[in-house]
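Novice: compute the structure for the input listed below.
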Amino acid sequence: MRMTIGFSSLVLFYFLTGAFTGQRALAADEGIPLTWKGCGITRAAFMSEAAEAYKKKTGKSVKVTGGGATMGLRSAIAGASDMGGTCRPPLPNKFPEEEGGYLTMVAWDAICFVTNPSNPVKGITSRQAKDIFVGKITNWKEVGGPDQKILVVYRTQGESDKYSGVGYMLRKLLFNDTDIDFVEEALSFRDTGLVEENIEKIEWSFGATGISSAKKKNLKILDLDNIVPTKENISSGQYPLYRPLFLVTKSVPEGETREFVEWLLSDEGQEVISSQGTVNLKEGSHLKETYKAWENKDRILNF
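Specialist: Now for the predicted structure:
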C-alpha cells in the first residue's frame, strides 16, 4: 500500500507559441524583482547562488522559489512568473497547459540513486535499480547489503510521480518507458526536497534524485554499474543518466528577463554554476548528442 505524505555559446530554445507581454518592463520600473519558480533540484544546485551573484553584480533581484519542474513549466508559460526551471521536457500532448514557451538550456544534471548514510551498500547495477523500483528486489541483502527491507521513497504530485522532473526522467533514462508503474509499497512526498530529507533520516531507505542537489545533502550517493556520479564522469558521459536543465520563459526573453538569461549564459554566470558542482554548458558540450532522440526534437532548435 502506498503511503502518501502531503501533496550564444550553447543556447537551446524550445519554441511553440507565446508573445512577450511587456509586464517585465513595467515591473522593472516599479522595482519589482524578477521571479523564478520550479525545479527544486535546479534551485538547490545553483539557482539561489546565481540570483545572489546577479544581485551583487547588477543590484537587481531575482526571487527564487521551488515547487517542481511541472510548476516551473506551467507558471512561466502562463505568465505567472518571469522564468521557470525544469529538468524534464514539456508534455503538451498530455497537458495542454504546457503548450507554448521557450526553453533555454543552462546546465546539465544527472539522476542518481541515494540511500541513508548509515547503509554499508556502496553501489548497485542498472538492473538492480530497475528491480528495486518495480518491487522485484525488496531486501538489501539482494544487492550485497544486510538482511533489511528496502524502503523505496519517491515523489508524487497531482496526477502522479510520473510527470515530476525526477519521476519522468528516471523512467525515460533508466527504463525507456515513461508510463511504467513503480512499487506501491513506498513512501511518497510532494517534492524532491522532502524525498531527500526523509532518506537522510530513514534507515534502509532508497530513492532517486538529481546529483546536483544530492551532493549538497547528507545522503549516500550510490555508484551505478561501478561508475561514481562525479562531475567529471557526468561531463564525460561515462555516467549514463545525465539530463539537461532549462530556464523556461513565456516567449523569447526580453527586457530584464533577457538580461538575466544572458548573464547566466555568460562566462561569469556559467562559472557560478560550475563552482556549485554542477556541469555547465562548456563542460558538458558534447552530451547533447543523446537528446536528439527526445520526442520533441522537431521543435528544439540548435541541437
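Novice: sketch out the low-pLDDT regions of the stretch 201-303 of the chain for me.
Specialist: Filtered on pLDDT under 70, the stretch 201-303 of the chain yields the residue ranges 290-303.
Novice: touching stretch 59-69 from outside, list them.
Specialist: 33-40, 43, 47-48, 50-51, 54-55, 75, 85-88, 155, 157, 164-165, 168, 191-193, 256, 259-260 (C-beta atoms under 8 Å, 6 or more residues apart in numbering). C-beta: built from backbone N, CA, C; applies to glycine.
Novice: could you chop the chain up by domain?
Specialist: Domain assignment for the chain, taken from automatic domain parsing, gives 8-109+242-299, 110-236.
Novice: could I get those domains as TSV with mean neighbour count?
Specialist: TSV is the format used below for those (neighbours: other C-beta atoms under 10 Å):
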stretch	mean neighbour count
domain 8-109+242-299	20
domain 110-236	19
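Novice: from the contacts of stretch 59-69, which ones fall inside helices?
Specialist: Of those, the ones assigned to helices by DSSP state H are 40, 48, 50-51, 54-55, 75, 165, 168, 192-193, 256, 259-260.
Novice: show the backbone phi and psi for Tyr216.
Specialist: Actually, residue 216 is Lys. It isn't Tyr. Main-chain dihedrals, Lys216, degrees, to the nearest 10: phi -100, psi 0.
Novice: can you pull out the low-pLDDT segments for the stretch 1-150 of the chain?
Specialist: For the stretch 1-150 of the chain (pLDDT under 70), the answer is 1-31.
Novice: and the spatially most central residue of the chain, what does it touch?
Specialist: What sits nearest the mean C-alpha location of the chain, by C-alpha atoms, centre = their mean, is Cys87, with 3.6 Å. By C-beta under 8 Å, 6+ apart, the contact list for Cys87 reads 39, 41-42, 69, 109, 165-166, 169, 210, 243-246.
Novice: same deal with Thr192?
Specialist: With C-beta under 8 Å, 6+ apart, Thr192 has these contacts: 40-41, 68, 155, 164-166, 209-210, 213.
Novice: same deal with Val228?
Specialist: Per C-beta under 8 Å, 6+ apart, neighbours of Val228: Tyr239.
Novice: try Asn116
Specialist: Asn116 neighbours (C-beta under 8 Å, 6+ apart): 199-205, 219-220.
Novice: what's the spacing between Ile199 and Ile77?
Specialist: Distance of Ile199 to Ile77, given as C-beta to C-beta, to the nearest Å: 32 Å.
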